[in-house]
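Undergrad: sequence-free structure coming up:
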Ligand SMILES: NC(=O)NC(NC(N)=O)C(=O)[O-]
Ligand SMILES: [Zn+2]
Ligand SMILES: [Zn+2]
């Protein structure tokens, strides 16, 4: 099999703030990067019997994204999403590694036997690599160490109803049992950080208005949960604790304070929280419904600032789809609809668009954007020994990226199963042209999806 050679005037290498001219060789048999040399090269240097030469010209060569928060839902709810469509959506968006959440599939990933069922279901259906988070539910603390030994990267838990019966939320007491098991491991405990507060929803308000739903998930639900997590971590300072999908700006001062003394607290937000604002969510469009919710403009700005100053560590999709009937797209009732945004594969363009928003005086470099979507997410999922950077010996997960292309997102750009997304209609900057997974083409804009060569990590 010929060696893959990728060259460009703009390759993002770990030690550089901006892309530089470089040439990468990848061995398609091992899937590894075997050479990185400064300088753009020409085809004549690479005889076609030995090399498969790809010249990206001025387009950027970037590491593939590691999306550390995705619900693939197979087996059990494969009509919501599946390994094939989910990883195709990933590959077409430059995501070469997906870390699957433990819930919404049946069974959930809460025992080793369940993990094995998911692994079996995934076979032959992967266009990106896939790793698994396990789950903490009441009473499964003795499954946690075996799940780690079987390859789970860490564990998610809910502090509030998860939306599915087979993944119940945990109490502080359950968490102490789980944290005692995780003490001494390097695996993170991931928290859906919202706590139910003793308040009822105002039943007189119109459920088709986004404001009605927003009022039902106030910031103080996140703040209360985050205070509890920080308190718990004081008892188990060696356990990595991670707040998934943060949206509440009110929680940022508390997180900033806690991070001063606790390096094991990490935080993610999502592409949609950095893209959309509550005022612009159209009535009757539950495609925008997720928990915690998309909030106001001042809140979005605070999230961007927190990302820039490191209070928020990285950005993920939280792709959590369902079928149209459950999303209530015909009824348009935010209160009845499934909570979860679909956007797998659109993240890089969405983040790049926001990162270069001159109206909001933002001008983040591509290296920052890749740190937030590739390198730090690889560290989070304990995959940074082979994913998340263009380095010698690392997996040759590489994307060709046009930073200037403008796209208005239509359903044709959505490769996941249920094409219901708040990103439909959005004008986004930057476009993936080709995605290479471990040294082989997985998807290209001109020729589409290739063989499913993804692996389970
Ligand atoms: N059951 C879910 O998939 N929930 C998800 N739903 C959202 N974010 O609205 C999540 O990650 O919490
Ligand atoms: Zn969640
Ligand atoms: Zn989620």
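TA: On my side now, so go ahead. Predicted, not measured: the structure shown is a model, and the values here were computed from it. Ligands and ions are numbered 1, 2, ... in the order given.

Undergrad: What's the local residue count around whatever residue of the stretch 251-400 of the chain ends up closest to ligand 3?
TA: Ranked by Cβ to the ion, the top residue of the stretch 251-400 of the chain for proximity to ligand 3 is residue 318, at 4.3 Å. From N, CA and C alone the C-beta is placed, and that goes for glycine too. As a burial measure, residue 318 scores 28 neighbours (other Cβ atoms under 10 Å).

Undergrad: Mind pulling up the pLDDT for it?
TA: pLDDT for residue 318: 98.

Undergrad: let's number from 37 now, not from 1
TA: All set: I'll call the first residue 37, so the last point we hit is now residue 354.

Undergrad: could you list every residue that touches it?
TA: 105-107, 280-281, 306, 308, 326, 376-377 (Cβ atoms under 8 Å, 6 or more residues apart in numbering).

Undergrad: In helices only, show me these.
TA: residue 308 (DSSP state H).

Undergrad: Mind putting the contacts of residue 354 into JSON lines with pLDDT, distance to residue 413 and neighbour count?
TA: Putting the contacts of residue 354 into JSON lines (pLDDT from 0 to 100; distance: Cβ to Cβ, whole Å; neighbours: other Cβ atoms under 10 Å) gives the following:
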{"residue": "105", "pLDDT": "99", "distance to residue 413": "9", "neighbour count": "25"}
{"residue": "106", "pLDDT": "99", "distance to residue 413": "11", "neighbour count": "28"}
{"residue": "107", "pLDDT": "98", "distance to residue 413": "16", "neighbour count": "25"}
{"residue": "280", "pLDDT": "98", "distance to residue 413": "12", "neighbour count": "23"}
{"residue": "281", "pLDDT": "98", "distance to residue 413": "13", "neighbour count": "25"}
{"residue": "306", "pLDDT": "99", "distance to residue 413": "12", "neighbour count": "26"}
{"residue": "308", "pLDDT": "99", "distance to residue 413": "16", "neighbour count": "25"}
{"residue": "326", "pLDDT": "98", "distance to residue 413": "19", "neighbour count": "26"}
{"residue": "376", "pLDDT": "98", "distance to residue 413": "19", "neighbour count": "22"}
{"residue": "377", "pLDDT": "98", "distance to residue 413": "18", "neighbour count": "27"}
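
Undergrad: Reformat the contacts of residue 354 as TSV; add distance to ligand 3.
TA: Shown next, in TSV, are those (distance: Cβ to the ion, whole Å):
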residue	distance to ligand 3
105	6
106	8
107	6
280	6
281	6
306	9
308	12
326	8
376	7
377	9
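
Undergrad: Could you export the contacts of residue 354 as a markdown table, including distance to residue 130?
TA: Below are the contacts of residue 354 laid out as a markdown table (distance: Cβ to Cβ, whole Å):
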| residue | distance to residue 130 |
| --- | --- |
| 105 | 16 |
| 106 | 14 |
| 107 | 19 |
| 280 | 22 |
| 281 | 21 |
| 306 | 17 |
| 308 | 17 |
| 326 | 22 |
| 376 | 22 |
| 377 | 19 |
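
Undergrad: and ligand 1, which of the contacts of residue 354 reach it?
TA: Near ligand 1, judged by Cβ under 6 Å from any ligand atom, the entries from the contacts of residue 354 are 107, 281, 326, 376.

Undergrad: For the stretch 287-436 of the chain, just list every one of the strands.
TA: For the stretch 287-436 of the chain, the strands defined by DSSP state E, counting those that start in this stretch occupy 301-306, 350-352, 434-444.

Undergrad: How far does the longest one sit from its chain's centre?
TA: The chain centroid and the centroid of strand 434-444 are separated by 19 Å, computed with Cα atoms, centre = their mean, to the nearest Å.

Undergrad: Show residues contacting that strand.
TA: 42, 44, 60, 62, 90, 92, 95-101, 130, 132, 384-385, 388, 402, 426, 449, 461-472.

Undergrad: how much space between the closest residue to residue 162 other than its chain neighbours and residue 132?
TA: Nearest residue to residue 162, sequence neighbours excluded (Cβ to Cβ, 6 or more residues apart in numbering): residue 490, at 2.6 Å. Counting by Cβ to Cβ, to the nearest Å, the separation of residue 490 from residue 132 is 8 Å.

Undergrad: Mutual contacts of those two, please.
TA: 164-165, 473, 478.

Undergrad: Max pairwise distance over the residues you listed: which two?
TA: 165 and 478 (9.8 Å; Cβ to Cβ).

Undergrad: any shared contact partners between those two?
TA: Jointly contacting residue 165 and residue 478 under the rule Cβ under 8 Å, 6+ apart are 132, 490.
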